[in-house]
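In: Please find the sequence and the predicted model below.
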Amino acid sequence: MSRARSSASTAACAEMTAFRHDKSADRGRTTRHNLAIAARLSVLAMVCLLTAAWSSSWESIRSAAGDIQSVQAAFTQEKHLQILAKPLTSNGILIFAAPDRLRWEYQAPLPSILVMDEGRVQRFVKTGANWTEDASAALPAMSFVMQEIGRWMKGRFDENPDFDARLEPDGRIVLTPRKEALATVIQKIDLQLAETPGVIDSVTVYEDENNFTRLIFTGVQVNRPIDPAMFRHQS
Amino acid sequence: MRRLLFVTLLPVLLAACYSLPLMIPMEPPDDLEKNCAAVFPRQPWRMVHTIKTAFPGRREGVMMGVVALAPQKNAVECALLTIEGLRLFEAHDDGTLTVRRALPPFDRPALAEGMMADIRLLFFAPEGPPLLSGTLPSGARGCRYARADGYVDVVHQPYGRVGIRHYDRRHRLTRRVTITRCHPDGLADQEAVPCRIHLEAFHPADYRLDLDLVEARPEVDKSTKPY
């Protein structure tokens, strides 16, 4: 959805630029018609400014995220592994509610739900017809990841002391581990911000050049009411 | 003194009680031996399974497992991932085990060797001809292979299932496996692969694994070349 919006926005900005070039040719048209076009272009100009502005600095990103009370989106996850010829694809939904509630739900291939509520992280996995709580050794690592996602949702990309954060002009954020120990686990994280303020288009976590995970978000909905029960899984 | 002697000898006495299940040889064994070997993949495959783990104390978890098999080269690569895609463990074994990545707690040396031993038990035919092939007391037919670390029984079970049992050199049952094979979607012309696996481990560690196939792709030999 964000990509579609991005295309529409780009087209609109191009249309506005095109109008500037043809301005003299339009002088002969009626005032009413010109006013209508001017009004339309004002809106388009605002859209262009807004989309360009929110990702221009850490302050503007934090400010935009400050208006976000909730985000929900569908996602497709591609796991690229050197030992796999094709990426392993999963899909699900991600729901965030300020200040720190998160639901990361996989619907396929294996239904599972990771919930974070007031700092407590739990994972539930569907086994047969039932949901069981997962107590695997991997959960502490995921707890770290969930805390980090919670930080991103609040626009605090540069506040984790474990990562060096770099903001690039195209709305791309690159997080690089500061310590060697963490760099052996994660080489870098690439986040692509969406046109919509406070929204992330995709996240790519690089373990190394050949092994990485990419999450692509679609159907993003911002500030819709979310039932708190979504963050407390019931078996 | 007599009691002390009894306590000291108890493990020895118990070990002496272990015995391999009786297998009555069949004549001629050729077809059966071929059938035993045929239950294991013969061509290179890359498979992804969900793995449900259960350890004593109701500690249960779920991971994704990836294996790239090259039976002709006796080589295997494997990776363990969280459902979210975090790669916890990756190793390659072509006779020499190389661990490429092992995040705690998957960094214990014995874990990599044990994991690779389980993968070989599930996906690779035991080396060499069977020690004997025949019928078990249950009526099931199978083959018994001798290995350096003990014995492996490969048994044809009802409904097309395959049973694998591993016994150590003291004849203790250490692994009990049930495999259901299938043809992955769109690959009816290929050999069947393990799509459901139930593994119970009894010694030295006690755990249970349930693997369900997510996807399987046959691979040309060059792409399975270890890197």
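Out: Noted; the coordinates are in hand.
In: any idea how far the spatially most central residue of chain A is from A:A65?
Out: In chain A, the residue lying closest to the centroid (C-alpha atoms, centre = their mean) is A:I200, at 2.0 Å. A:I200 sits 10 Å away from A:A65, going by C-beta to C-beta, to the nearest Å. Where C-beta positions appear, they are placed from N, C-alpha and C, glycine not excepted.
In: how near is the residue nearest to the centre of chain A to chain B?
Out: 16 Å (C-beta to the nearest C-beta, to the nearest Å).
In: Tell me which stretches of the chain form strands.
Out: As the question left the chain open, I've gone with chain A. A:70-80, A:88-97, A:101-108, A:112-117, A:120-127, A:130-134, A:163-168, A:172-177, A:188-193, A:200-206, A:212-222 (DSSP state E).
In: my question was about chain B
Out: Under DSSP E, chain B gives strands at B:24-25, B:45-55, B:59-70, B:75-81, B:87-93, B:97-102, B:132-135, B:141-147, B:150-156, B:162-167, B:173-182, B:193-201, B:207-218.
In: I'd like to know how many residues surround the residue lying closest to A:D190 once chain neighbours are set aside.
Out: Leaving aside its chain neighbours, A:D190 sits nearest to A:T204 (4.3 Å; criterion: C-beta to C-beta, 6 or more residues apart in numbering or on different chains). As a burial measure, A:T204 scores 17 neighbours (other C-beta atoms under 10 Å in any protein chain shown).
In: For the residue nearest to B:V67 when sequence neighbours are not counted, list each beta-bridge partner.
Out: Leaving aside its sequence neighbours, B:V67 sits nearest to B:C78 (C-beta to C-beta, 6+ apart; 4.9 Å). Bridge pairing for B:C78 (DSSP bridges) gives the partners B:V67, B:A91.
In: my guess is B:C78 contacts B:E90, does it?
Out: Yes - applying C-beta atoms under 8 Å, one finds B:C78 in contact with B:E90, separated by 7.1 Å.
In: list residues touching both of those two?
Out: A:I83 (C-beta atoms under 8 Å, 6 or more residues apart in numbering or on different chains).
In: related to what we said a few turns ago, export the strands of chain B to TSV and append columns for distance to A:A165.
Out: Converted to TSV, the strands of chain B look like this (distance: least, C-beta to C-beta, whole Å):
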stretch	distance to A:A165
strand B:24-25	70
strand B:45-55	33
strand B:59-70	30
strand B:75-81	26
strand B:87-93	23
strand B:97-102	25
strand B:132-135	64
strand B:141-147	53
strand B:150-156	53
strand B:162-167	51
strand B:173-182	47
strand B:193-201	43
strand B:207-218	35
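In: Low-confidence regions, the chain specifically.
Out: This is for chain A. A:1-52, A:136-141, A:233-235 (pLDDT under 70).
In: not what I meant, chain B
Out: Those would be B:1-17, B:58, B:220-227, if you go by pLDDT under 70 across chain B.
In: Alongside chain A, which residues does it contribute?
Out: Proximity of chain B to chain A, by C-beta under 8 Å from any C-beta of the partner chain, involves residues B:46, B:48, B:50, B:52-53, B:58-64, B:66, B:68, B:77-79, B:81-88, B:90, B:101, B:103, B:105-106, B:214-215, B:217, B:219, B:223, B:227.
In: just the buried members of the residues you listed?
Out: Applying a neighbour-count criterion of 16 or more other C-beta atoms under 10 Å in any protein chain shown, the buried members of the residues of chain B next to chain A are B:46, B:48, B:50, B:52-53, B:60-64, B:66, B:68, B:77-79, B:81-88, B:90, B:101, B:103, B:106, B:214-215, B:217, B:219.
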